[in-house]
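**Student:** Next one to model:
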Amino acid sequence: MIQNFRCKRCGKCCRSPRLSKADIRKIKRAGYKEEDFVENFPLAGYIKEKNGWCVFLAKGKKVFCRIYEARPKICRLYPSELINGSCKPETLASDKLFEK
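**Tutor:** From the prediction side, this is the model:
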């Protein structure tokens, strides 16, 4: 984890995170149907997006995760690495978590 990181609740990190099988099971146990949150084509294994954002991101006066307690592993580990001080996850080394 990055020391002294302070989340601004901007939601920039909430863009279709990759899901492990354990992530999918955990979200299903939280009461969601797999077909409602897992992207099937062409990005199988990623969370679905709604208007470019994770389907579980609630945007309004406050930005928050609707499944915070059941959020995917990559979301739990974030921010493990920030590139150029950006919260955008495109260049994070997160996919290494799923190579095993």
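**Student:** Residue 67 is in contact with residue 29, correct?
**Tutor:** No. Shown here, residue 29 and residue 67 do not form a contact pair, counting by CB atoms under 8 Å, at 10.6 Å. C-beta here means a position set from N, CA and C on the backbone, and glycine is covered the same way.
**Student:** now the end-to-end length of stretch 50-59.
**Tutor:** Stretch 50-59 has an end-to-end distance of 11 Å (criterion: CA to CA, to the nearest Å).
**Student:** sorry, that was for stretch 28-38
**Tutor:** Terminal residues of stretch 28-38 are spaced 11 Å apart (CA to CA).
**Student:** Buried ones in it, by neighbour count?
**Tutor:** The neighbour-count check on stretch 28-38 (16 or more other CB atoms under 10 Å) flags 32, 37-38 as buried.
**Student:** Quick one: mean pLDDT for it?
**Tutor:** The average pLDDT for stretch 28-38 rounds to 94.
**Student:** quick one, helices of the protein?
**Tutor:** Ranges of helices within the chain are 21-29, 34-37, 73-77, based on DSSP state H.
**Student:** so what does the first one touch, helix or strand wise?
**Tutor:** By that I understand helix 21-29. Judged by 3 or more CB pairs under 8 Å, 6 or more residues apart in numbering; DSSP states H and E, the packing partners of helix 21-29 are helix 34-37.
**Student:** With just CA atoms, put the helix it packs on into PDB.
**Tutor:** Written as PDB, here are the backbone C-alpha positions of helix 34-37 (Å, rounded to 0.1, in the frame of the first residue of the first chain):
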ATOM      1  CA  GLU A  34     -23.300 -13.500 -11.900                       C
ATOM      2  CA  GLU A  35     -24.900 -12.500 -15.200                       C
ATOM      3  CA  ASP A  36     -25.600  -9.100 -13.700                       C
ATOM      4  CA  PHE A  37     -22.000  -8.200 -12.900                       C
END
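**Student:** what does that helix rub up against?
**Tutor:** Applying CB atoms under 8 Å, 6 or more residues apart in numbering, the contact partners of helix 34-37 are 24, 27-28, 47-48, 55-56.
**Student:** For the helices of the chain, give me JSON lines that also has distance to residue 14.
**Tutor:** Shown next, in JSON lines, are the helices of the chain (distance: least, CB to CB, whole Å):
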{"stretch": "helix 21-29", "distance to residue 14": "14"}
{"stretch": "helix 34-37", "distance to residue 14": "13"}
{"stretch": "helix 73-77", "distance to residue 14": "8"}
